[in-house]
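Peer 1: heads up, no residue letters with this:
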């Protein structure tokens, strides 16, 4: 049978299709988009923290020749911007979070090298998440367009039904 010659969908069938598309849109696509954007934002947060750590390491390296007793006085953020004073006995070593709750103690040069490798990796992962988000947004637009077409078919079918009554 020719697809152009098929019977138009009944009003109830159109309403069911609209509900299916809306459910798919809200439960699947928008949820997937939210998840991918949250993952991308977490990657951007990690990148910012590594860049901040690189700046701190640079500052420590510049200050090392001036430190006579080899101790570093600093303030540590305990959370919620609540700071306390701290003293670092050996500022030549630093603990760096490498993921999954693991920390590795590096020299300042090793930490810098690690950060220089880690940040581009995180950047590429963030770009992948951005591309995935764009693809999901494109699917959302396709589904929305399909919904518009279904709803316009329903309106056209309704107009034809009312015109037959006259």
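Peer 2: Yep, that arrived. Here the structure is a predicted model, which is why all the values come from computation and not from measurement. Numbering: from 1, shown residues only.

Peer 1: In the chain, mark out all the strands, start to finish.
Peer 2: Counting by DSSP state E, one finds strands in the chain at the ranges 72-77, 83-88, 93-99, 102-107.

Peer 1: Can you flag the weakest of those by average pLDDT?
Peer 2: With a mean of 83, strand 72-77 has the lowest mean pLDDT of those.

Peer 1: What residues sit buried inside that one?
Peer 2: residue 72 (16 or more other CB atoms under 10 Å). Just so you know, the C-beta spots here come from the backbone N, C-alpha and C atoms, and that holds for glycine as well.

Peer 1: quick check: angle from it to strand 83-88?
Peer 2: 140 degrees (axes from the mean of the first three to the mean of the last three CA atoms, to 10 degrees).

Peer 1: Give me the helices and strands touching strand 72-77, please.
Peer 2: strand 83-88 (3 or more CB pairs under 8 Å, 6 or more residues apart in numbering; DSSP states H and E).

Peer 1: Mind doing that once more with 10 Å?
Peer 2: Taking 3 or more CB pairs under 10 Å, 6 or more residues apart in numbering; DSSP states H and E as contact, the helices and strands that strand 72-77 lies on are helix 30-63, strand 83-88.

Peer 1: I'd like those as TSV, with distance to residue 113 appended.
Peer 2: Shown next, in TSV, are these (distance: least, CB to CB, whole Å):
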stretch	distance to residue 113
helix 30-63	11
strand 83-88	21
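
Peer 1: Residue 80 - how many residues pack around it?
Peer 2: Using other CB atoms under 10 Å, residue 80 has 5 neighbouring residues.

Peer 1: same question but for residue 123, I mixed them up
Peer 2: 13.

Peer 1: and it, what is it in contact with?
Peer 2: 43, 44, 47 (CB atoms under 10 Å, 6 or more residues apart in numbering).
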